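Student: structure of the sequence below:
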Amino acid sequence: MSQSSSETSHIAEGTRRTRGLNPAQDIALIGVFAALIAVLAFAPPIPIGNFGVPITLQTMGIALAGLVLGPWRGAAAAALYVVLGLLGLPIFAGFVGGFGVLAGPSAGYLLAWPLTALVTGFIARIVLRRGSVRWRVPLLFVAAIAGSILVTHPAGIVGMSINLEVSLREAFFFDIVFWPGDVIKSLVAAGAAALVHRSAPWILARG
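Tutor: Just a heads-up that it's a prediction; the model follows:
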């Protein structure tokens with residue numbers, strides 16, 4: 001059997017197994033990825049600029065949730081993480097939590113993450129179904145960076161504009177400093193997600 005045929009069979013088997021997932025397994029995966037995002041938040045944030053938004057690894061966890069779990073479970077994992085943090089668990093960057101973070105410059109980014117995972121997951125589902133295995137990592141990278149560009153950054157810019165009382169133009173230039181890091185984190189997330197889908201294609205959310 002050729003490599004292509006073997007890969008196709010592997011994906012087909014993964015699809016059959018995915019359809020067999022039960023709600024308990026879905027909930028478990030959502031919880032695991034919410035915990036993963038929280039663990040990544042514990043990595044020391046890198047202060048940058050003077051506007052109070054550090055570089056963190058949380059965004060890589062959000063991308064992974066969408067890329068691995070698909071849109072709905074990925075969004076649920078991101079939403080669970082955000083809700084638990086807003087309820088007071090110190091799981092945001094810098095070991096903080098509570099509704100007070102919504103008055104800070106990071107508010108827009110935090111609130112955007114469930115939608116970011118949703119968009120990333122939808123794009124990932126499309127590319128995994130239609131794209132060649134050879135191009136899986138580049139295509140997943142496109143999905144991750146698209147979610148960031150389309151959702152996270154615009155929401156972050158609006159949040160900084162409101163909470164820092166600066167113009168959207170100024171907030172846009174504050175946001176630019178995060179772009180190179182997002183490219184790197186999206187690439188790492190795409191590589192990790194590709195490995196997961198290669199070894200456990202059944203994990204992707206139902207089609």
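
Student: make it CA atoms for all contacts and neighbour counts henceforth
Tutor: Fine.

Student: averaged pLDDT, the top helix by length along the chain. What do you get?
Tutor: What stands out as the longest helix in the chain, according to DSSP state H, is helix 107-130. Helix 107-130 shows a mean pLDDT of 93.

Student: that helix - contacts with which helices or strands?
Tutor: helix 58-69, helix 71-86, helix 136-147, helix 153-163 (3 or more CA pairs under 8 Å, 6 or more residues apart in numbering; DSSP states H and E).

Student: hmm, who's touching it?
Tutor: Here helix 107-130 makes contact (CA atoms under 8 Å, 6 or more residues apart in numbering) with 59, 62-63, 65-72, 74-79, 82, 101-102, 136, 139-140, 143-144, 146-148, 150-153, 155-160, 204, 207.

Student: show the buried residues in those residues.
Tutor: For the contacts of helix 107-130, a burial check counting by 16 or more other CA atoms under 10 Å picks out 59, 62-63, 65-72, 74-79, 82, 102, 136, 139-140, 143-144, 146-148, 151-153, 155-160, 204.

Student: can you pull the contacts of A28?
Tutor: Contacts of A28 by CA under 8 Å, 6+ apart: none found.

Student: SS state for it?
Tutor: Secondary structure for A28, judged by DSSP: H, G, I helix; E, B strand; the rest coil, is helix.
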